[in-house]
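S.K.: could you look at this predicted model? Sequence included:
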Amino acid sequence: MKNKITLITGAAMGIGLACSEAFAKEGATVIMADIKKPNEQAQKLVDAGYHAVAYQCDVSDVYAVKKMIEWIVLTYGRLDAALNNAGIQTPQRPMAEITNDEFDRTVAVDLKGVWNCMQFEIEQMLKQGEGAIVNTSSQGGLTAFSGQAAYISCKHGVIGLTRTASLDYAAKNIRINAVCPGVTATPMLEELVTRNPKLGEDLVRDIPVGRLGKPSEIADAVLWLCSSKASFVHGHALVVDGGFTIH
């Protein structure tokens, strides 16, 4: 990934931060975008000798996303790779108890946010004749969990969007794939487990390897999908879940 210009959304923590670190260490220039500008996280990478810059963007705002991509191209001249990772969780409740506002906000970030980013990323990659995009789905994009109807429906949608867009642009030398992380030790998971301590025990019990995933393990998969080593991989939803979905 040396000298590749890479955008990572949801970069302030968890999987997004781990991916930012992984790409930077492989030589990429990483634009770390989040709804709250991740200045400290980017500066830490810069201090370590890597190339990273913080950018504030709400991916649910299509105009903010357009402005972000325009800024990247104006500053760096191109966009080689993108991880559309920004996402939120809804409270864990039965479907009919999730409010319309909660559902709409989840869709706005977890599905429409991916749509917004892809729209302008693809436009730029068409101009330059190549590019790689990875969208963050979830093991829940292939299965389901009670109490998470809004989140799960969005993650299923991300896979459908990924596969269809891949068909649209594979012949244009743009590779579009998804990563489906299993239960990973991130701040988002910690928040869920804090609200429901038994959930943590149940999740680990159902993972064949007997432990949670590490953000760095997801980052390794994303790095591969964006690299030339995955040149023949198109429209794939890569599951990184310790064997959960085959259990």
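M.R.: Arrived safely.

S.K.: contacting residues around the residue nearest the centre of the chain?
M.R.: The residue lying closest to the centre of the chain (Cα atoms, centre = their mean) is Asn85, at 1.9 Å. Counting by Cβ atoms under 8 Å, 6 or more residues apart in numbering, Asn85 makes contact with 8-11, 15-16, 19, 136. C-beta coordinates here come from the backbone N, C-alpha and C atoms, glycine included.

S.K.: show me where this structure has helices.
M.R.: 14-25, 39-47, 62-76, 100-110, 112-128, 149-169, 187-195, 197-205, 215-226 (DSSP state H).

S.K.: the longest strand in the chain is where?
M.R.: Longest strand in the chain, counting residues (DSSP state E): strand 174-181.

S.K.: now do the helix or strand bottoming out on mean pLDDT in the chain against helix 215-226, angle only.
M.R.: Lowest on mean pLDDT, DSSP states H and E among the helices and strands of the chain sits helix 187-195, with a mean of 73. If you take axes from the mean of the first three to the mean of the last three Cα atoms, to 10 degrees, helix 187-195 sits at 140 degrees to helix 215-226.

S.K.: contacts for helix 187-195, please.
M.R.: 13-14, 87, 89, 91-92, 183, 199-200, 212.

S.K.: show me which of those are buried.
M.R.: Using 16 or more other Cβ atoms under 10 Å as the burial test, the contacts of helix 187-195 include 13-14, 87, 89, 92, 183, 199-200, 212 as buried.

S.K.: just for the protein, where's the confidence low?
M.R.: 193, 200 (pLDDT under 70).

S.K.: make it 50
M.R.: Along the chain, no part satisfies pLDDT under 50.

S.K.: against Leu126, how distant is the residue nearest to Ser60 when sequence neighbours are not counted?
M.R.: Nearest residue to Ser60, sequence neighbours excluded (Cβ to Cβ, 6 or more residues apart in numbering): Ala108, at 4.0 Å. Ala108 sits 26 Å away from Leu126, going by Cβ to Cβ, to the nearest Å.

S.K.: what's the answer for Pro94, then?
M.R.: The gap separating Pro94 from Leu126 is 43 Å, by Cβ to Cβ.

S.K.: who has more neighbours out of the two?
M.R.: Leu126 (14 against 9; other Cβ atoms under 10 Å).

S.K.: next up, the contacts around the closest residue to that one other than its chain neighbours.
M.R.: Take Leu126 and drop its neighbours on the chain: the residue closest to it by Cβ to Cβ, 6+ apart is Lys172, 6.0 Å away. With contact taken as Cβ under 8 Å, 6+ apart, Lys172 is in contact with 125-126, 129.

S.K.: and Ile176, by the same measure?
M.R.: 118, 132-135, 162, 165-166, 169-170, 234-235.

S.K.: tell me, how many residues neighbour Val239?
M.R.: Val239 is flanked by 22 other residues according to other Cβ under 10 Å.

S.K.: kindly report the same for Asn116.
M.R.: Neighbour number of Asn116 under other Cβ under 10 Å is 27.

S.K.: so it sits against Val62, correct?
M.R.: Yes: if you go by Cβ atoms under 8 Å, Asn116 and Val62 touch, sitting 4.7 Å apart.

S.K.: show me which of the contacts of Ile176 are buried.
M.R.: Among the contacts of Ile176, those buried by neighbour count (16+ other Cβ under 10 Å) are 118, 132-135, 162, 165-166, 169, 234-235.

S.K.: can I get those residues in TSV including distance to Ala48?
M.R.: Shown next, in TSV, are those (distance: Cβ to Cβ, whole Å):
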residue	distance to Ala48
Met118	31
Ala132	25
Ile133	27
Val134	24
Asn135	28
Thr162	32
Ala165	34
Ser166	34
Tyr169	35
His234	34
Gly235	35
